[in-house]
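1. Give me a 3D structure for the following:
(3 chains)
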Amino acid sequence: MSNTKTFVYINRKSPYGSVYALESLEVVLIAAAFEQDVKLVFMDDGVFQLTKNQDPADIGMKNFSKTYAALGDYDVNQIYVDEDSLKARGLTLDDLQPLVYEDEDDDWAEKDSITLVNREQLSDVIESADVLLNF
Amino acid sequence: MKFTIQVCTGPYTHQASDTAYKFTCAALAAGHQIHRVFFYHDGVNNGTSFTVPPQDDRNLQKLWSDLAAEHSLDMVVCVAAAQRRGIMDENEAKKNGISGVNIAPGFQISGLGQLIEAGVQSDRLLVFGD
Amino acid sequence: MSTLHTVNKSAFERNSLDSCLSVVKADASVLLIEDAVVCALKNTSICDSIEKAAESGIKFFALREDLKARGLSEQRILDQITLVDYSGFVDLVTQNDRVQNWL
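-> So this is what the prediction gives:
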């Protein structure tokens, strides 16, 4: 029996207004070394963490949004974005970075890491967790 | 059961550290094990020895330090979060050219991996935050 | 395989309770702690959402110590909510298979 657990990271806050988006990402990257099953959830204002064209230079902060694009290389490819949260904020999937990964079981074909989910599907993602980390 | 407790906020500004402390005490009283208490984000500020709260109020840092001593708790302060917020042990101070050490008794500075390891090893992981 | 959801912020401050209730399964438990205990009061603008969720089977709890801290009498809370203390909080964690802490 393997000791692999399903870790679900729930991100609900906007980037830059607080440190949570950045420090959540730092946990995810470190966690990659532990070879657990990792799922990321972006809901409520957390959907803003994935927007394209972030440029925080004039607020004096570093742009860490490029790091999301590297998640596929860390085997983090189960990324769930809540469609209700996007809609309530006037966003569509097109506003978000197109995060992808290369599927080693399918001849390294490039696939989308992001799945749009409704609240019922999001509920199932939560129920699939052994460990839930909230940011 | 084996618990891991994650504390995300510093002392006093939010109730989270108090709630985490009370929960930890109740879990210990019920005979459960605390695998680790992991301090992340502003939670690292619970580990400063430079705090002088009013005499008629609780001293959160001391409460955590005393609890750790009484129950041999593994209390970890995340190194990256600690560096950002200025919590230093001797090792970190030396490495970074900082002329002071302020980590409180019972707290150890270590990596984020300790949080994941704790999640893997524990039966339950709770997050107390803002 | 049930989930214990904890909510620590008032529904009048933040949408955490709302988000929580939008994803809870019928066998879940919801524990209100810290500022979220104000959501346990009768006659608020959010009672309907709690009553509706309770009707579908969700069990609601609130931390007694947080209610008392805020000067709110136990008589003023919704009938659907059971008060627990910190040891009851611990029990809820062990009785459910996972914990989702809404912040």
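2. Pull out the buried residues from stretch B:100-115.
-> Across stretch B:100-115, burial judged by 16 or more other Cβ atoms under 10 Å in any protein chain shown covers B:102, B:103, B:104, B:106, B:107, B:109, B:110, B:112, B:114, B:115. Glycine gets a C-beta too; all of them are placed from N, C-alpha and C.
3. Tally up the residues packed near residue B:2, please.
-> Residue B:2 has 15 neighbouring residues, counting by other Cβ atoms under 10 Å in any protein chain shown.
4. Tell me what it is bridged to.
-> residue B:33 (DSSP bridges).
5. ok, it to chain C distance?
-> 11 Å (Cβ to the nearest Cβ, to the nearest Å).
6. For residue C:15, which non-adjacent residue is closest in space?
-> residue A:44 (6.3 Å; Cβ to Cβ, 6 or more residues apart in numbering or on different chains).
7. My guess is the one you found contacts residue C:18. True?
-> No: applying Cβ atoms under 8 Å, one finds residue A:44 not in contact with residue C:18, separated by 9.1 Å.
8. Have a look at these two and say which one is more surrounded.
-> Shown here are residue A:44 and residue C:18; by other Cβ under 10 Å, residue A:44 has more neighbours (21 against 14).
9. ok now do residue C:102, which residues does it touch?
-> Residues in contact with residue C:102 (Cβ atoms under 8 Å, 6 or more residues apart in numbering or on different chains) are A:134, C:5, C:6, C:7, C:8, C:9, C:16, C:17, C:19, C:20.
10. returning to what we had before: take the buried residues of stretch B:100-115 and keep only those in strands.
-> Per DSSP state E, strands hold the following members of the buried residues of stretch B:100-115: B:107, B:109, B:110.
11. how close does whichever residue of chain C sits closest to chain A sit to chain B?
-> Here chain C gets closest to chain A at one residue, residue C:23, 4.1 Å apart by Cβ to the nearest Cβ. According to Cβ to the nearest Cβ, residue C:23 and chain B sit 16 Å apart.
12. OK, contacts around that residue?
-> A:119, A:122, A:123, A:126.
13. Give the burial count for the closest residue to it other than its chain neighbours, as a bare number.
-> For residue C:23, ignoring the flanking residues on the chain, the nearest one in space by Cβ to Cβ, 6+ apart is residue A:123 at 4.1 Å. Using other Cβ under 10 Å, residue A:123 is surrounded by 17 other residues.
14. which residues does residue B:16 contact?
-> B:7, B:8, B:9, B:43, B:128, B:129, B:130, C:8, C:34.
15. Could you do residue B:61 as well?
-> Residues in contact with residue B:61, defined by Cβ under 8 Å, 6+ apart, are B:11, B:46, B:47, B:48, B:49, B:51, B:104.
16. ok but it is inside a helix, no?
-> Yes: according to DSSP: H, G, I helix; E, B strand; the rest coil, residue B:61 belongs to a helix.
17. Could you report the pLDDT at it?
-> pLDDT, residue B:61: 98.
18. do residue A:1 as well
-> pLDDT at residue A:1 comes out at 45.
19. Also residue A:32?
-> On the pLDDT scale, residue A:32 gets 86.
20. just checking, it touches residue A:38?
-> Yes: look at residue A:32 against residue A:38 with Cβ under 8 Å: they come within range, at 7.4 Å.
21. Quick check: neighbours shared by those two?
-> The contact sets of residue A:32 and residue A:38 overlap at A:75, A:76 (Cβ under 8 Å, 6+ apart).
22. Helices of the chain, residue ranges please.
-> Reading this off chain A. Counting by DSSP state H, chain A has helices at residues A:20-31, A:83-88, A:119-127.
23. Chain C is the one I meant
-> C:16-23, C:47-55, C:64-69, C:86-95.
24. if you count residues, which helix in chain B comes out on top?
-> helix B:16-29.
25. Could you check the angle it makes with helix C:86-95?
-> 80 degrees (axes from the mean of the first three to the mean of the last three Cα atoms, to 10 degrees).
26. Find out how far helix B:16-29 is from the centre of the chain, if you would.
-> 12 Å (Cα atoms, centre = their mean, to the nearest Å).
27. Let's test this: mean pLDDT of it, rounded?
-> Helix B:16-29 carries an average pLDDT of 98.
28. Residue B:42 contacts residue B:12, doesn't it?
-> No: using Cβ under 8 Å, residue B:42 makes no contact with residue B:12, being 10.7 Å away.
29. neighbour count winner among these two?
-> Using other Cβ under 10 Å as the criterion, residue B:42 and residue B:12 rank with residue B:42 on top: 24 against 15.
30. phi, psi of that one?
-> Main-chain dihedrals, residue B:42, degrees, to the nearest 10: phi -70, psi -10.
31. quick one, what contacts it?
-> B:8, B:9, B:10, B:13, B:81, B:85.
32. Okay, now the unreliable bits of chain C?
-> For chain C, not a single residue meets the criterion pLDDT under 70.
33. Taking it, what residue is nearest to chain B?
-> Taking Cβ to the nearest Cβ, chain B has its nearest neighbour within chain C at residue C:86, 3.9 Å off.
34. Switch the contacts of residue B:16 over to CSV; also include neighbour count, distance to residue A:73 and secondary structure.
-> Listed next are the contacts of residue B:16 as CSV, based on neighbours: other Cβ atoms under 10 Å in any protein chain shown; distance: Cβ to Cβ, whole Å; DSSP: H, G, I helix; E, B strand; the rest coil:
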residue, neighbour count, distance to residue A:73, secondary structure
B:7, 32, 31, strand
B:8, 26, 28, coil
B:9, 24, 32, coil
B:43, 28, 29, helix
B:128, 29, 32, strand
B:129, 23, 29, coil
B:130, 20, 31, coil
C:8, 27, 35, coil
C:34, 22, 39, helix
